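Undergrad: any chance you can model this:
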Amino acid sequence: MKIHFISIGGSAMHSLAIALKQKDHEITGSDDAIFEPSRSKLAKYGLLPENIGWNEQYITEELDAVILGMHAKADNPELIKAQELGLKIYSYPEFLFEQSKDKTRVVIGGSHGKTTITSMILHVMNYHEKEIDYMVGASVTGLENPVHLTDENDFIVIEGDEYLSSAIDRRPKFHLYQPNIALLSGIAWDHINVFPTYENYVEQFKVFIDSIVNGGILVYNEEDEEVKRLAEESENPIRKHPYHTPDYHLDADSTILDVPEGELPLEIFGKHNLNNLAGAKWICQHMGIDEDDFYEAIATFSGASKRLEKIAETDSAIIFKDFAHSPSKVAASTAAVREQYPDNKLVTCLELHTYSSLNSEFLKEYRNSLEPADEALVFYSPDAMALKKLEPVSIEQIRTAFNKHGLKVFTTSESFKEELQKLSLKDSVLLMMSSGNYGGLDMDELKALI
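TA: Numbers count the residues shown, from 1 in each chain. Model (predicted):
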């Protein structure tokens, strides 16, 4: 097939483009900005556009399909020409479904934990050399590309994002996959720019459960009250398997999972990660991996990229990088590090970067999320808020919302970096939480702090 990607530089889009190139499809693409690591990866596979920007000349009747990324707007000139020519236009999830219609589709959904759970499943499958197709939202050790598609594999594991599919397809991505096996990890209000009320957001997960094929399977976290309610109330004729956090304990700085055969040391930590592990185990068992083989493999899982990822360590200090940005993720990551390192000073840094986190009303959802920290810093950019056309919020509003004694708030990357340089990190753990980059902070520079 001849396939053109409008907005090929996106984190998921460029991975799909590479996967299709590996299947010998003829791929072209365009974008108005392409950043690392997408740029280098596209260049490696000969897919980096010669020129940055939109070009209607890419769109011809010879194309078999156009894949439209979420970054592209409805008035995109390439999209308009594709529509005029009557070409088949897919959103990312639509095309992924087309590629997996004849497979057993395993979809991992939830406001939090889905990347980690998907990564755990892929790690176990890779460990046991079980060939499957997949799409995950982060790099996984041992896997070349976050998207892998074949004609012959029976299973595909998909990280099911609840955000919208494209500018012309306003359905949440995970509504399009029609899973045979699904997992729901938790529900915590997010993406308020498209789901303005909590009830509207929760409704998307109800639709997800209803989209599971007849006779399919739902694995769900029974410790999340909203998930439990939706699962139990669903009249979809499916099998339901609840899971909960398994028994574990700490031994020095190690997390030990209590398994039937005894004690299993893990490389990951935190109650939310142990809860994720329980969900991943259920899914792997439905995919033919028995319990003992799961435990053997999961003992070597060190975490998904940017999910409580250890980026530096000395005898007296450790630095973790984490993608956490929503209130539930921030609270879970902060609590996990506090539990794992109870005797160390915990310093947390959070960037408010998304539409939701910069909304004055939604800010209240962060209340007490940083409470376990000994020192807490929050950074946000008023300039970024202006670009997003959001109502301004004040430093005092942020302090009030978080309800954290001694919280320090910074509005410029320079002042934030200066404060980091002043920190005393002896016998400390530094937790950097953001889906952005703190206005251009080089994470490698942080290593010099310890």
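Undergrad: so how far is the host helix or strand of Pro93 off the chain centroid?
TA: Take DSSP states H and E as the rule and Pro93 turns out to sit in helix 92-100. Between the centre of helix 92-100 and the centre of its chain there are 19 Å (Cα atoms, centre = their mean, to the nearest Å).
Undergrad: quick check: buried residues in that helix?
TA: Neighbour counts over helix 92-100 (16 or more other Cβ atoms under 10 Å) mark 92-97, 99-100 as buried. Where you see a C-beta, it was placed from the backbone N, CA and C, and this is true even at glycine.
Undergrad: next: stretch 3-21.
TA: Buried residues in stretch 3-21 (16+ other Cβ under 10 Å): 3-10, 12-21.
Undergrad: domains of the protein?
TA: Residue ranges for each domain of the chain read 2-87, 95-298, 309-449, as given by automatic domain parsing.
Undergrad: okay if I get those domains as JSON lines plus mean pLDDT?
TA: Shown next, in JSON lines, are the domains of the chain (pLDDT from 0 to 100):
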{"stretch": "domain 2-87", "mean pLDDT": "96"}
{"stretch": "domain 95-298", "mean pLDDT": "95"}
{"stretch": "domain 309-449", "mean pLDDT": "91"}
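Undergrad: how about the strands in the stretch 51-200 of the chain?
TA: 65-68, 89-91, 104-109, 133-135, 147-148, 155-160, 164-166, 169-172, 181-184 (DSSP state E, counting those that start in this stretch).
Undergrad: mind checking how far the longest helix seen in the chain is from the chain centre?
TA: What stands out as the longest helix in the chain, according to DSSP state H, is helix 271-286. Counting by Cα atoms, centre = their mean, helix 271-286 is centred 16 Å from the centre of its parent chain.
Undergrad: ok, stretch 391-407 next?
TA: On Cα atoms, centre = their mean, the centre of stretch 391-407 falls 26 Å from the chain's centre.
Undergrad: same question for stretch 348-364.
TA: With Cα atoms, centre = their mean, you get 17 Å for stretch 348-364.
Undergrad: try stretch 66-75
TA: Centre to centre, stretch against its chain (Cα atoms, centre = their mean), the figure for stretch 66-75 is 21 Å.
Undergrad: in it, what counts as buried?
TA: Buried residues in stretch 66-75 (16+ other Cβ under 10 Å): 66-72.
Undergrad: could you list the residues in contact with that stretch?
TA: 3-10, 12-13, 16, 31, 59, 76, 78-79, 82, 87-92, 95, 163-169 (Cβ atoms under 8 Å, 6 or more residues apart in numbering).
Undergrad: then stretch 403-420?
TA: 349, 367-368, 370-371, 373, 375-382, 395, 398-399, 438-441, 446, 449.
Undergrad: now those residues: which count as buried?
TA: 349, 370, 373, 375-381, 398-399, 438-439, 441, 446, 449.
Undergrad: list the contacts for Tyr177?
TA: Applying Cβ under 8 Å, 6+ apart to Tyr177 gives the contacts 93, 96-97, 100, 105, 107, 158, 160, 211.
Undergrad: and it, how close does it get to Val107?
TA: Tyr177 sits 5 Å away from Val107, going by Cβ to Cβ, to the nearest Å.
Undergrad: what's the closest non-adjacent residue to Ser333?
TA: Distances taken as Cβ to Cβ, 6 or more residues apart in numbering place Ala324 nearest to Ser333, at 4.4 Å, with adjacent residues excluded.
Undergrad: over to that neighbour: give its phi and psi.
TA: As for Ala324, its main-chain torsions (degrees, to the nearest 10) stand at phi -50, psi 130.
Undergrad: go on, Asp251?
TA: phi -130, psi 100.
Undergrad: and it, bridged to which residues?
TA: Beta bridges link Asp251 to Ser254 when assigned by DSSP bridges.
Undergrad: roughly how far does it sit from Pro77?
TA: From Asp251 across to Pro77, the span is 60 Å (Cβ to Cβ).
Undergrad: higher neighbour count, these two?
TA: Neighbour count, other Cβ atoms under 10 Å: between Asp251 and Pro77, Pro77 has more, with 14 against 9.
Undergrad: isn't the more buried one up against Tyr58?
TA: No: using Cβ atoms under 8 Å as the test, Pro77 is too far from Tyr58 to be in contact (10.0 Å).
Undergrad: once you drop chain neighbours, what's closest to Glu223?
TA: Glu223 sits nearest to His244 (Cβ to Cβ, 6+ apart), 5.4 Å away.
Undergrad: before we move on, what about Ala299?
TA: Spatially, and ignoring its direct neighbours in sequence, Ala299 is nearest to Leu264 (5.7 Å; Cβ to Cβ, 6+ apart).
Undergrad: mind listing what the one you found touches?
TA: Contacts of Leu264 (Cβ under 8 Å, 6+ apart): 256-258, 295, 299.
Undergrad: check Asp161 too.
TA: Asp161 neighbours (Cβ under 8 Å, 6+ apart): 114, 137, 172-174.
Undergrad: and what of Arg367?
TA: Neighbours of Arg367 in contact, by Cβ under 8 Å, 6+ apart: 401-403.
Undergrad: quick check on it: phi, psi?
TA: Dihedral pair for Arg367: phi -50, psi 130, per degrees, to the nearest 10.
Undergrad: Ile298 now?
TA: Main-chain torsions, Ile298, degrees, to the nearest 10: phi -70, psi -20.
Undergrad: and Met432, by the same measure?
TA: Taking degrees, to the nearest 10, you get phi -100, psi 110 for the backbone angles of Met432.
Undergrad: could you do Phe410 as well?
TA: Main-chain torsions, Phe410, degrees, to the nearest 10: phi -130, psi 140.
Undergrad: hey, C-alpha coordinates of stretch 226-241 in CSV?
TA: Only the C-alpha atoms of stretch 226-241 are listed here, as CSV (Å, rounded to 0.1, in the frame of the first residue of the first chain):
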residue,chain,number,x,y,z
GLU,A,226,-15.7,3.9,39.8
VAL,A,227,-14.1,1.0,37.7
LYS,A,228,-15.8,-1.6,40.0
ARG,A,229,-19.2,0.1,39.7
LEU,A,230,-19.0,0.3,35.9
ALA,A,231,-17.8,-3.3,35.6
GLU,A,232,-20.5,-4.7,37.9
GLU,A,233,-23.3,-2.6,36.3
SER,A,234,-22.3,-3.5,32.7
GLU,A,235,-24.9,-5.7,30.9
ASN,A,236,-22.5,-6.5,28.1
PRO,A,237,-22.3,-10.4,27.9
ILE,A,238,-18.7,-10.7,28.8
ARG,A,239,-16.6,-12.5,31.5
LYS,A,240,-15.4,-10.2,34.3
HIS,A,241,-12.2,-10.8,36.3
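Undergrad: how far off centre is that stretch?
TA: Offset of stretch 226-241 from its chain centre (Cα atoms, centre = their mean): 24 Å.
Undergrad: picking up where we left off before, does the residue nearest to Ala299 count as helix, strand or coil?
TA: With DSSP: H, G, I helix; E, B strand; the rest coil as the basis, Leu264 sits in strand.
Undergrad: across the sheet, point out what pairs with it.
TA: Using DSSP bridges, the beta-bridge partners of Leu264 come out as Leu257.
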